[in-house]
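Trainee: From the sequence below, what's the structure:
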Amino acid sequence: MINRLLIRIKTVQLVYAFMQGSIDKLNSEEQMSQSLESSYQLYNYLLALVVKLTEYRQLQLDTARNKFMPTKEERFPNIRFAQNQVAKCIAEKSEVLDYCEKHELLSDFDTEMYRGILEEVEKLPAYKKFMTQAAIPGLEDEKELWKNIFAEVISRNALLDATLESRNIYWNDDLATVMQFVVKAINKIDPSKEQMNLAQMFDHDEDRKFARDLYHFALEDAHENLNLIDRNADNWQVDRMALMDKVIMVCALAEIKHFPDIAVRISMNEYIELAKHYCAPDSARFVNGIVDKIVKQWKKDGVIFKV
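Mentor: From the prediction side, this is the model:
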């Protein structure tokens, strides 16, 4: 599950925290390990949320049905959402709930959040269509509904944001990226199979090493690369340069210098995209210009020998 995009994001986040004095360089490997583990925990938490939301909707239906004088609608509720196969497969064909329980990721006191999320879900056109369409929804309909829920509700729910922030300092920043992996897991659900094949934390040992080494080199070369950035920012006001701009360039230069198997253009493109996401509108052009200038000098000086 942990791919190189996420590793680069984590490296940028941690180097930024280091430059602000928030974390200690001596524990860099442990910090990276904890940060990546947190992403995998969020992946499991979000999959478990599918189960918990479904269970809470069933609880709401049961409570209404058992009222002293339930209405006809309460006695005979629409159970399409409450019995969706996506949640059933996650609960019964994966180790998501066991993982979350082991790492204490779930709480019995999140009913306010579940209720708030479901209230937002009920407003979705996709949900209304799912609940009222003439044909009984199939598995693909359920998958599409959950993808809508993640895109339109989970990604922007204030109660969930507060919960994520309180549980793990990394989770809010990771949410958009990790949700992509959750959607992939939902797409692959097949009730005919005995077990769900969920993503492992690392698909390849090379990625684990890449994470460790990239963060190490970014910290080791930070002072030297900051000086390079300042000397090559001729047409920019160095004193007004945002810290995140500098951090992204520090990480890009560390990757370009120390990973000969990764083409310069691949590294450049990845960090330019991060600049577009995390920095000011003109930062991508700024990052591209300065890093490109340094790389050309490195090639001229024989510091790097790759295209």
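Trainee: okay, now L53: neighbour count?
Mentor: When neighbours are defined as other Cβ atoms under 10 Å, L53 has 25 of them. In short, each C-beta sits where N, CA and C put it, glycine included.
Trainee: what's the answer for G116, then?
Mentor: 16.
Trainee: Next: P260.
Mentor: For P260, the neighbour count with other Cβ under 10 Å is 10.
Trainee: how far away is the residue nearest to it when sequence neighbours are not counted from K257?
Mentor: Spatial nearest neighbour of P260, excluding adjacent residues (Cβ to Cβ, 6 or more residues apart in numbering): K306 at 5.6 Å. Going from K306 to K257 by Cβ to Cβ, to the nearest Å gives 10 Å.
Trainee: What of D174?
Mentor: D174 is 27 Å from K257, by Cβ to Cβ.
Trainee: The two: which is more packed in?
Mentor: Neighbour count, other Cβ under 10 Å: between D174 and K257, D174 has more, with 23 against 19.
Trainee: returning to that earlier point: the residue nearest to P260 touches V264, doesn't it?
Mentor: Yes - assessed by Cβ atoms under 8 Å, K306 is found in contact with V264 at 6.2 Å.
Trainee: quick one, which of these two is more surrounded?
Mentor: Using other Cβ under 10 Å, the more surrounded residue of K306 and V264 is V264, with 19 against 15.
Trainee: these two touch, right, the more buried one and I256?
Mentor: Yes - the pair V264 and I256 passes the contact test of Cβ under 8 Å, sitting 5.6 Å apart.
Trainee: so what sits against both of these two?
Mentor: Common neighbours of V264 and I256, counting by Cβ atoms under 8 Å, 6 or more residues apart in numbering, are V295, I304.
Trainee: name the element D174 belongs to?
Mentor: Assigned by DSSP states H and E, D174 belongs to helix 171-187.
Trainee: what's the next helix or strand after that helix packed up against?
Mentor: The helix or strand immediately downstream of helix 171-187 is helix 205-220, counting by DSSP H and E. When contacts are defined as 3 or more Cβ pairs under 8 Å, 6 or more residues apart in numbering; DSSP states H and E, helix 205-220 sits against helix 4-19, helix 28-65, helix 243-258.
Trainee: in the helix or strand that comes right after helix 205-220, what counts as buried?
Mentor: Note on helix 205-220: by DSSP H and E, the next helix or strand toward the C-terminus is helix 222-231. Neighbour-count burial for helix 222-231, counted by 16 or more other Cβ atoms under 10 Å, picks out A222, N225, L226, L228, I229.
Trainee: Let me know the pLDDT of the residue nearest to Y56 when sequence neighbours are not counted.
Mentor: Excluding its sequence neighbours, the residue lying closest to Y56 (Cβ to Cβ, 6+ apart) is Y114, at 4.1 Å. Listed pLDDT for Y114 reads 95.
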